[in-house]
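Enquirer: this is the structure alone, sequence omitted:
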């Protein structure tokens, strides 16, 4: 588990395939060997209030579910335990799976209530075919239910059965903090302001966002005072790379992207908003805050006041203005 | 015409500018000469039930219309015959045309009922200007009516007057199968599940998708178990290319993209869904299936059962779940 | 100020940081020195009819506001004078600012009615961190109110408090004409057809579009007969660059992009539409025209007739068709 993520309360990131524990400084990922097969048990559980989540042990399900991470070349065997009274499944984006692991009722690939089923996800590096380079699996992907409520998992997704899936390429840089942010209909991680937990980092830390879109509505993800580039890693290949820098990006159902930023780089510590930029969505509660602490972890001047203002978010127009 | 496309029933792809017949294995496109001018007659016809289509001979109009293909440098002269009682036109994306070929009422560029009119589309390779490389015409584009119903062709588009336009660059790889998938309002190619024809390929074949968005609603195109990269060809320039791999992409009105995948590569044969990932759109019928047969063309285990389940698609929530 | 932009009436572009006056031919930008700090006073004013705008002197506010331009490395100090009776602010995308310059009520960063406040925006070139190239500030960005009406500035944005912000990189090519096009809810620059001013250029001129999305609805920006590539500049890095050519692009709230085209290149002069490609949006008035004059500035054949037709835009279906 990466440092700080659990504390942030937004997700329960879990390093499945050996990315190791958090380090004091960013390090380049270098798996000891390629093509490892890892097995992980995932538990689907009801959380009350019509919410459901995935977890890595009984009683620990969260919304979003754990961050699953592998390297290109690895295989992930998901042993899904359905501890609910609904049929459900787990369907990944970006990786390779045969029809038995599709997670769709179309392919009879789901868990009946109370059952256990294995889903196998394979990954691979870019490879040549017909003299061309076909895409590898590396990317900021996601997984979700595809069977609860209807044949497309609409009920499961609405209820919280989703999470981030990262496939890293050898040499990718590892973050020190990691957050999963899911725009699911009119919520962020099935919550609305001011009930979205505050995420935190210290100034200078390398922080990774995984952004996922779900549901029925369109959104745009905006992060204040930090930018990334619109490619696989969020960083440039070099100073002449023409990939656009962005700080606002469409985040529609089934889509995902990720990036790493240096917390407070060039802008300082403080409380920074991230929100849907569709105006009535942000006003309606799709607005959250990222607390960037001082480098030593102390509170920046004015930060508590900003957090207090966030808690007073009212989902309505500003009276008198 | 490329092999399999007509059999798939989704479109009637037609190679206009000499891409040749299908080959047993993928080959690199190498036009004998550049700058060819080709003339093609397109017939706009009423199909009944309020539907209209374009075709390459009288009585053969389809929705979507034929795939028109040229090489950068070629000119395409479209002789549009309006065999309907409505005014209509043909307006392309991506290529060069003067105001007379704009296809818009604004420029008095349309066919009155029963009339014939020529539209000229030119293309060109990237070229230098002021020390910069300006974009060429190569791309997965589209064409559509711009005059029926209102000055923007809303009625014609709604009724099915649209199709794919591919401009290839010398050296581009040719596919063995080709499908046009148009998300037009709440339909795929003006149909909804389970009435969307099954598209087919054999495992290992190089398959090209051309995805087009139309109408009034936003969509995301998701293909199960296959991915591409978000650039002009869907393939990487090399193993270090940072272009993201994707399997879900926004597909909004007027937009288009295309890519080639190897059918069943790394995942095996079977029935794979492609659908809008907006939940109520897929449940409402924007879901279709791609049958990837065994390499020898035989049916994979379980595929018929999956096709049968698709036919039972009910556009509603799963009773009891 | 760049030639023609003011005449076009769409915006009041202003070169803040020394890009100089328009030139007869495009030239490469080469700032005399890096890291300049410039101060500009911006006036927020009520324009009547519920509209508000930003301007560079009292009584000159426009919708959209002035184009603000700097080079990577420069600092821009915005002295915002609030000449209205509402609270409001100025919030930028893409650049660096501390919490005091955030422009959000969350950070107590706004102007009460009648007050003056300084917002500091810094920029920087791409830089290396942990062996990677982090993104620079160069890009086609924008600024907008973040405090009027509610804590997200929904009221200010709706009313017209927005504009383009360009951060150029040394060596970038300067345009001869420049237009800001903001898709704000169901309007272009808070207007609908046929009341959107005609923009103009002469054939062969290098023209820059800055496109910005705002409000609550999704849009796609389409320009007839001209294309660009989907990267930072709209031009290719070289002939083998796989960045897609596009002529239609999603333009959703908070998003922005820009590009340069050569007016009428390969297609000739005339009246060219640019519009939202969502059908009921264009029919509803999100459609405008760009007059590309002959190289000598004279009117092309048929152009006046097209302009007259545009003036007759009726926002309704074509009677009898």
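Expert: Structure's in. What do you need? Quick caveat, the model's predicted, so the values are computed rather than measured.
Enquirer: check chain A and tell me which residue is nearest its centre.
Expert: residue A:180 (3.0 Å; CA atoms, centre = their mean).
Enquirer: packing partners of the host helix or strand of that residue?
Expert: Using DSSP states H and E, residue A:180 sits within strand A:177-184. The contact analysis (3 or more CB pairs under 8 Å, 6 or more residues apart in numbering or on different chains; DSSP states H and E) places strand A:177-184 against helix A:5-8, strand A:162-168, strand A:199-202, strand A:206-214. Where you see a C-beta, it was placed from the backbone N, CA and C, and this is true even at glycine.
Enquirer: tell me the helix or strand right after it.
Expert: Following strand A:177-184 in sequence, per DSSP H and E, is strand A:187-188.
Enquirer: beta partners for the closest residue to chain C within the stretch 51-200 of chain A?
Expert: Nearest residue of the stretch 51-200 of chain A to chain C: residue A:173, at 5.8 Å (CB to the nearest CB). Here residue A:173 sits in beta bridges with residue A:28, going by DSSP bridges.
Enquirer: now swap in residue A:128 and tell me
Expert: Beta-bridge partners of residue A:128, as defined by DSSP bridges: residue A:133.
Enquirer: would you confirm that it contacts residue A:134?
Expert: Yes. Between residue A:128 and residue A:134 there is a contact at 7.3 Å, judged by CB atoms under 8 Å.
Enquirer: okay, the two: which has more neighbours?
Expert: Taking neighbours as other CB atoms under 10 Å in any protein chain shown, residue A:128 and residue A:134 compare with residue A:134 leading, 22 against 12.
Enquirer: how many other residues sit next to residue A:131?
Expert: 10.
Enquirer: per-residue pLDDT of it, please?
Expert: Residue A:131 is assigned 96 on the pLDDT scale.
Enquirer: I'd guessed the residue nearest to the centre of chain A sits against residue A:68; true?
Expert: No. If you go by CB under 8 Å, residue A:180 and residue A:68 don't touch, sitting 10.7 Å apart.
Enquirer: now do the helices in chain A.
Expert: Secondary structure of chain A by DSSP state H: the helices cover A:5-8, A:154-159, A:279-283, A:303-311.
Enquirer: deepest of those helices, which one?
Expert: Highest mean neighbour count of the helices of chain A: helix A:154-159, a mean of 25 (counted as mean count of other CB atoms under 10 Å in any protein chain shown).
Enquirer: which strands and helices sit next to that one?
Expert: Looks like helix A:154-159 contacts strand A:51-55, helix B:279-283 (3+ CB pairs under 8 Å, 6+ apart).
Enquirer: make a markdown table out of these and add distance to residue A:85 and mean pLDDT.
Expert: Output for the helices and strands packed on helix A:154-159, formatted as a markdown table (distance: least, CB to CB, whole Å; pLDDT from 0 to 100):
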| stretch | distance to residue A:85 | mean pLDDT |
| --- | --- | --- |
| strand A:51-55 | 11 | 98 |
| helix B:279-283 | 22 | 97 |
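Enquirer: as JSON lines, those with distance to chain C would be great.
Expert: Converted to JSON lines, these look like this (distance: least, CB to the nearest CB, whole Å):
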{"stretch": "strand A:51-55", "distance to chain C": "27"}
{"stretch": "helix B:279-283", "distance to chain C": "14"}
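Enquirer: with distance to residue A:103 added, can I get the ones you listed in a markdown table?
Expert: Formatted as a markdown table, the helices and strands packed on helix A:154-159 follow (distance: least, CB to CB, whole Å):
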| stretch | distance to residue A:103 |
| --- | --- |
| strand A:51-55 | 12 |
| helix B:279-283 | 14 |
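Enquirer: of all those, which one is nearest residue A:250?
Expert: Of all the helices and strands packed on helix A:154-159, it is helix B:279-283 that lies closest to residue A:250, at 16.4 Å by CB to CB.
Enquirer: for the residue of chain A at minimum distance from chain C, what are its contacts?
Expert: Closest residue of chain A to chain C, CB to the nearest CB: residue A:277 (2.8 Å). By CB atoms under 8 Å, 6 or more residues apart in numbering or on different chains, the contact set of residue A:277 is A:220-222, A:248, C:252-255.
Enquirer: among those residues, which one has the most neighbours?
Expert: residue C:253 (29 neighbours).
Enquirer: who's in contact with it?
Expert: Taking CB under 8 Å, 6+ apart, one finds A:220, A:277-279, C:213-218 in contact with residue C:253.
Enquirer: correct me, but residue A:307 touches residue A:291?
Expert: Yes. Contact criterion CB under 8 Å: residue A:307 and residue A:291 qualify, at 6.9 Å.
Enquirer: who touches both of these two?
Expert: In contact with both residue A:307 and residue A:291: A:198, A:271, using CB under 8 Å, 6+ apart.
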